[in-house]
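Colleague: Fold the following.
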Amino acid sequence: MRHGKKTNHLGRQTAHRKAMLANMACSLIEHKRINTTVAKAKALKVFVEPLVTKSKEDTTHNRRIVFSKLRSKEAVSELFREVAPKVGDRPGGYTRVIKLGSRLGDAAEMAMIELVDYNETYGVDKPKKKKSTRRAGKKKADAETIAQPKEASKETKKEESPKAQEPKAEEKKDDKKEE
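Modeller: The predicted structure follows:
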C-alpha cells in the first residue's frame with residue numbers, strides 16, 4: 001500500500017532523481033518548454049513551481065536556496081532576471097502540462113511542460129483582467145441603474161404635485177374674486 005507516499009520516485013534513487021529534476025528544471029527555464037514523459041512532467045511541476053515563487057523576491061537568501069536546488073548559475077540568473085518579472089502578478093500555476101500522445105518506441109505517454117507566461121498563442125487577444133475579489137456584492141453599475149429609476153419616479157411625483165396644487169390655488173383665487 002502507498003499510504004502517505006506523496007513523491008513519485010520515477011524508478012530512480014534519490015540522488016539520481018534530484019539530479020534529473022535539476023537538469024530538467026534548468027532546461028525548462030532556459031528553453032521555456034520541454035518535451036518529456038507525463039510522470040516526469042508532473043514531478044517537474046512540483047519541483048519548479050516553488051522555485052519560481054522564490055524568484056519573485058530577489059534576495060541573496062532566495063538566490064542561494066534556488067541555486068542549491070538547480071545547481072546552475074545561468075539558470076538562476078535567468079530565472080531571477082527574466083522569468084520572475086513576467087510572473088510577478090500571478091499567484092501560482094506557473095507551468096502547464098499538455099499531453100502529446102504516446103512515444104513510438106515504448107508507447108510511453110508524452111507531454112510538453114511549458115512556462116505559462118511565455119506561450120503567446122493562449123493570451124494574444126485577451127485583455128488583462130482586473131483583480132477580482134472573492135466576495136460578491138452589488139456592482140456599481142447595477143446600483144446606479146437601480147437608483148436612477150427610483151430618483152426619476154420621485155422627480156415626476158414632485159413635478160406632478162406642484163402642478164396639481166397650482167390649478168387648485170388658481171381656482172381658489174378665481175372663486176374669491178367671483179364672491
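Colleague: Could you use CA atoms for every contact and neighbour count after this?
Modeller: Will do.
Colleague: Poorly predicted segments of this structure, please.
Modeller: Regions of the chain meeting the criterion pLDDT under 70 cover residues 123-129, 132, 136-179.
Colleague: At which residues are the helices of the protein located?
Modeller: In chain order, the chain shows helices spanning 14-31, 38-55, 60-70, 73-78, 84-86, 140-178, with DSSP state H as the criterion.
Colleague: other SSEs contacting the first one?
Modeller: So the one you mean is helix 14-31. Other elements packing on helix 14-31 under the criterion 3 or more CA pairs under 8 Å, 6 or more residues apart in numbering; DSSP states H and E are strand 33-37, helix 38-55, helix 60-70, helix 73-78, strand 109-115.
Colleague: The same query, at a cut-off of 7 Å, please.
Modeller: Using 3 or more CA pairs under 7 Å, 6 or more residues apart in numbering; DSSP states H and E, the elements in contact with helix 14-31 are helix 38-55, helix 60-70, helix 73-78.
Colleague: Run the angle between it and strand 33-37 for me.
Modeller: Helix 14-31 runs at 150 degrees relative to strand 33-37, counting by axes from the mean of the first three to the mean of the last three CA atoms, to 10 degrees.
Colleague: how far does helix 14-31 sit from the chain's center?
Modeller: Relative to its parent chain, helix 14-31 has a centroid offset of 26 Å by CA atoms, centre = their mean, to the nearest Å.
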